[in-house]
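Visitor: predicted structure and sequence below. I'll ask about it afterward.
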Amino acid sequence: MALVAPPFSCRHRLPIHGTAHRSNGRCFLKSIFIPQASLSLTTQNHQGLSLTPTNTSNSELSLPQEINKLCESGNLAEALVLLQRDSDNVAFDLSQRAEAMSVLLQACGHRKDIEVGRKLHEVVATSTQFSNNPVLTTRIITMYSMCGSPWDSRTLFDQLQTKNLYQWNSLVSGYTRNELWYDAMSLFCELVTVTEHKPDNFTLPCVIKACGGLLDMGLGQAVHGIAVKMSLILDVFVGNALIAMYGKCGFVKEAVKVFEYMPERNLVSWNSMICGFSENGFSQECFDVFREMLVGEEGLIPDVATLVTILPVCAGEENVEMGKMVHGLVVKLGLDHELMVSNALMDMYAKCGFLSKAHALFEKNDNKNVVSWNSMIGGYSREGNVGGTFNLLQKMQMDNEKIKANEVTILNVLPVCLEKSELLNVKELHGYSLRHRFQYDELVANSFISAYAKCGSLSSAEHVFYGLEAKTVSSWNALIGGCAQNGDPLKALHLFLQMRYSGLNPDWFSISSLLLACAHLKSLQNGKEIQGFAYRNGLETDPFIDEALNLFRQMVSNGIQPYEIAIMSVFGACSQLSALQLGKEIHCFALKAHLTEDIFVGCSIIDMYAKCGSIEQSQRIFDRLKEKDEASWTVMIAGYGIHGRGKEAIELFEKMKRLRLKPDGFTFIGILMACCHGGLVEEGLNYFDQMQTLHGIEPQLAHYSCVVDMLGRAGRFNDALKLVDEMPEKPDAGIWSSLLSSCRIYGELDLGKKVAEKLLALEPDKAENYVLVSNLFAKLGNWDIVRRVRGRMKAIGLRKDVGCSWITVGGKIYHFVVSDMMLPEAEEIHKVWRRLEEKISGVGYIPDTGSVLHELKEEEKIEMLRGHSEKLAISFGLLKTPKGVTLRICKNLRICRDCHNAIKFVSKVVDREIIVRDNKRFHHFRDGFCSCGDYW
DNA sequence: ATAGGGTTAG
């Protein structure tokens, strides 16, 4: 094939750029990789290219020539005056006048001068000779769309009595030019279905581009089909448009196919191909195609578009060697003064870490625009160079070329404000963007939301968020991510729900943030808050953690590799739900992804199995861990703690000390909890003492809480109160509430009253506390006080958290709310329980109506007990699982005395192990006994 | 008369 550059590219480019390539006749590209033969073209292309021939030898210019001269110097208004003045001049015939109008219309389009364009339109429309001139109307349609006002194009188009294909094409291209992809598509449909016109090689490229704009690959394929049927696929423009469209839609393979089968290719085809690879992250392919384009048999010379496509690839890959080579090519082609090229070069050097080289280019270049400044500012910003960034920003504003900052500037500067969490700078920048109306840009607004959140100013973040007119998934994500990362995980979850209610679908970012929130929430008591939250918000289906886990699965099955943090978060979420099956599944995934060796992930896995009730599995994982640190030992000890296996916890703790590992504050929380749940009071007190004397660890509130709880449960109220007095910190509500429940167990009415007062004074707006207080008095039959407490609760509008239990069957989590009559299989479930109740009554079960806090008749109380959610969950589990399978139930509140008693009997009569996790610990029921030894 | 590829951020 002859190495002839297609005339198209230059003809197309020249009117825009105005400069032609210079060639000194030498083979200037040889040193890179261009074959010599390609050379002759540059000069050849040069000829006959000027827009309109000007006849300078003749002092008498024709009207079109004169208009053209004025247009070239930018005097469009003058040209219009000239046209109008000579409207009666017979010296100019009609065709000359029409041509002159054409020239002016074109110039209006190029220079976006809609004022003059509109006046000229009026002139044409009101004249009898020209109003129906199809050439002129086409030009007016084009002019309006080039001025960014395709609506005016449409108005004129609709007024036309008859429309030819030129006019249709002009309007379609006007829509695509203004990125009104949908309008372009529907106009095309109209053209095909309503008119006799057949779309041609001018129509299709626009339509194909619109498909790309809509990112609608299906539509694009359909148009591709039309192109094939009409044999328009042979057209270079159509082929090029297809390459670009497939690239935009993410189907590079299709783009390559089109490229390979094209009967004729030009520079644009190559550029589009490189661009397609670039957009889809195939950097090596970009370089390969670029090289092939230069040295292959077609041997084309790159133009500005090629260079500004390939340079960002070098930048993205930080491949400065390639970048330098392209730079050499740029110089040899004489394109180093092209603004876009020099900008791309600067950006490339900056991104490759050669900031001073970039700066040198920047200084040398006196032709700068916003992009130039932004690229440099971005360079300093990425380096975290606060001074350099702000210095440039200031210089930019003082620059006498009056280049104004834009949205990208803001986006570049914002990250450096976060370097030192500079809230002040963020606020200042925000003020600036408000004044310049940049906050209407979605990206800018979202960046401010996350920036404020990162600086710890959630309220400002929310302020920006709620001020948004249209909230997209990204806006929600910015706020959700901010809350998740900045210590308000519950708010993150709340927002997640709100987003779903507003009809938006969460994406991967939302889910990651949610997972992060779940990880932070691990410290909350077994997800109790989350469950309560979900139910208070009327979430009837599975709670969102469940959904997050489902989405995590999708993420995995879509081949998206989660980071360690995501894995850990998911384990955290499993722990909260006690979703053993799911936890196992994710454990398998982590194994396959070789993430289990990670010391943190290993830790989460141990924690997950323990919190999902499978302490033996935790121990196995723990034993196999190659690398164990203090944290690994601590989660293992704490795991035994929540299972009430104090002895094992103590063994581990002693072993840990023998290995000379240093227990820290967290380890002591674990061991104290273990002693507390295992009823090992003396041991616990001993460790509490050791912790201070031997290890020099100052006990925190959490340690005191454990010990006070431990003493209270053992009925040693004097010791407990003594410790409360000795505490350096003020006791919190947790301490009072644990004491209060101990008072209930031991019937300590007087102390209970005092403790209740303290608790309600400290946390007057927490429903749980009122429930605790009323439980105490209800147990003693003091209904008067119960009624008063309940009344007070009602008066301040508090409602008790709904009791809720859940069980996993077949990988799905089923929830049961107390006295839930809306259950899908309510009939069967209740029947199962009735039968069980008969059976266990035969072996000694007597309903413990003391657990019912309402004033009801005895029979009604018994009916209430039957509705407790854990009983429903167990009945469901028995109904749905084969004989002998262990049932694992979770509950958001503490298990009641009657249920605890009943489940002991059930475990005996159905001969199954039943594991219940309440909001404090695990209960393993087997053969009529519970692992907690009725001490909880 | 009407057409395809292109720099900064995400």
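Guide: Everything's here; your move.
Visitor: so where do the strands sit in the stretch 1-150 of chain A?
Guide: With DSSP state E, counting those that start in this stretch, there are no strands along the stretch 1-150 of chain A.
Visitor: chain A now?
Guide: Along chain A, the stretches classed as strands by DSSP state E are A:804-809, A:812-817, A:887-891, A:914-917, A:922-926, A:929-930.
Visitor: for those, which one ends up most surrounded?
Guide: Mean neighbour count (mean count of other C-beta atoms under 10 Å) peaks for strand A:887-891 among the strands of chain A, with a mean of 27. All C-beta atoms are positioned from the backbone trio N, CA, C, and that covers glycine.
Visitor: got the angle for that one vs strand A:922-926?
Guide: Between strand A:887-891 and strand A:922-926, the angle comes out at 150 degrees (axes from the mean of the first three to the mean of the last three C-alpha atoms, to 10 degrees).
Visitor: quick one: contacts of strand A:887-891?
Guide: Contacting residues not belonging to strand A:887-891 are listed as A:577-578, A:580, A:612-613, A:803-808, A:869-870, A:873-874, A:877-878, A:881, A:912-919 [C-beta atoms under 8 Å, 6 or more residues apart in numbering].
Visitor: A:K839: neighbour count?
Guide: The number of residues packed near A:K839 is 15, by other C-beta atoms under 10 Å.
Visitor: now it: closest residue in space that isn't a chain neighbour?
Guide: A:V909 (4.8 Å; C-beta to C-beta, 6 or more residues apart in numbering).
Visitor: wait, which of the strands of chain A is closest to A:L429?
Guide: Evaluated over the strands of chain A, closeness to A:L429 peaks at strand A:812-817, with 45.1 Å, by C-beta to C-beta.
Visitor: correct me, but the residue nearest to A:K839 touches A:E838?
Guide: No. If you go by C-beta atoms under 8 Å, A:V909 and A:E838 don't touch, sitting 9.9 Å apart.
Visitor: any idea how far the residue nearest to A:M793 when sequence neighbours are not counted lies from A:K891?
Guide: Nearest non-adjacent residue to A:M793, counting by C-beta to C-beta, 6+ apart: A:Y770, 4.3 Å away. Here A:Y770 is placed at a distance of 20 Å from A:K891 (C-beta to C-beta, to the nearest Å).
Visitor: does A:I862 touch A:P847 like I think?
Guide: Yes. A:I862 is within contact range of A:P847, at 4.9 Å (criterion: C-beta under 8 Å).
Visitor: these two: which is more packed in?
Guide: When neighbours are counted by other C-beta under 10 Å, A:I862 and A:P847 differ, and A:P847 comes out ahead with 19 against 16.
Visitor: who's in contact with A:H924?
Guide: By C-beta under 8 Å, 6+ apart, the contact list for A:H924 reads A:G613, A:H643, A:E913, A:I914, A:I915, A:C930, A:S931.
Visitor: from memory the fourth one sits against A:F905, does it?
Guide: Read that as A:I914. No. Counting by C-beta under 8 Å, no contact exists between A:I914 and A:F905, whose distance comes to 10.7 Å.
Visitor: quickly list what's touching both of those two.
Guide: Counting by C-beta under 8 Å, 6+ apart, nothing touches both A:I914 and A:F905.
Visitor: just to revisit the earlier point, confidence score at the residue nearest to A:K839?
Guide: Predicted confidence (pLDDT) at A:V909: the value is 92.
Visitor: any idea how far A:Y466 lies from A:S475?
Guide: Relative to A:S475, A:Y466 is positioned 10 Å away (C-beta to C-beta).
Visitor: neighbours of A:L879, how many?
Guide: Using other C-beta under 10 Å, A:L879 is surrounded by 13 other residues.
Visitor: hmm, I was thinking of A:R291
Guide: Using other C-beta under 10 Å, A:R291 is surrounded by 13 other residues.
Visitor: how far away is it from A:N240?
Guide: Distance, A:R291 to A:N240, by C-beta to C-beta: 20 Å.
Visitor: do A:L345 as well
Guide: 26 Å.
Visitor: between those two, tell me which one has more neighbours.
Guide: The neighbour comparison of A:L345 against A:N240 (other C-beta under 10 Å) goes to A:L345, with 30 against 25.
Visitor: need the contact list for that one.
Guide: A:L345 neighbours (C-beta under 8 Å, 6+ apart): A:L311, A:G323, A:V326, A:H327, A:V330, A:D336, A:L361.
Visitor: what's the nearest residue to the first one if we skip its chain neighbours?
Guide: What it means is A:L311. Spatial nearest neighbour of A:L311, chain neighbours left out: A:A344 (3.8 Å); criterion: C-beta to C-beta, 6+ apart.
Visitor: ok, A:R716 next?
Guide: Residue nearest to A:R716 in three dimensions, not counting chain neighbours: A:V681, with 7.3 Å by C-beta to C-beta, 6+ apart.
Visitor: tell me, how many residues neighbour that neighbour?
Guide: With other C-beta under 10 Å as criterion, A:V681 counts 18.
Visitor: and the one 5 residues further on, by the same measure?
Guide: Applying other C-beta under 10 Å, we find 13 residues neighbouring A:N686.
Visitor: repeat for A:Q129
Guide: 11.
Visitor: just A:E825 next, same as before
Guide: A:E825 has 14 neighbouring residues, counting by other C-beta under 10 Å.
Visitor: go on, the one 3 residues further on?
Guide: A:E828 has 14 neighbours, counted by other C-beta under 10 Å.
Visitor: from A:K880, how far out is it?
Guide: As judged by C-beta to C-beta, A:E828 and A:K880 stand 10 Å apart.
Visitor: just A:L215 next, same as before
Guide: Distance of A:L215 to A:K880, computed by C-beta to C-beta: 44 Å.
Visitor: more crowded one of the two?
Guide: A:K880 (16 against 13).
Visitor: what sits against that one?
Guide: Remark: with contacts taken as C-beta under 8 Å, 6+ apart, A:K880 is in contact with A:V809, A:G810.
Visitor: same thing but 10 Å
Guide: The contact partners of A:K880, by C-beta atoms under 10 Å, 6 or more residues apart in numbering, come to A:I807, A:V809, A:G810, A:Y814, A:E825, A:E828, A:I829, A:L887.
Visitor: then A:R834?
Guide: Counting by C-beta under 10 Å, 6+ apart, A:R834 has contacts A:R866, A:S875.
Visitor: what pLDDT is listed against A:A5?
Guide: Predicted confidence (pLDDT) for A:A5: 31.
Visitor: ugh, wrong one, A:S774
Guide: If you check A:S774, the pLDDT there is 79.
Visitor: walk me through the domains of chain A.
Guide: Domain assignment of chain A by automatic domain parsing yields the ranges A:7-45, A:61-162, A:164-261, A:471-598, A:805-930.
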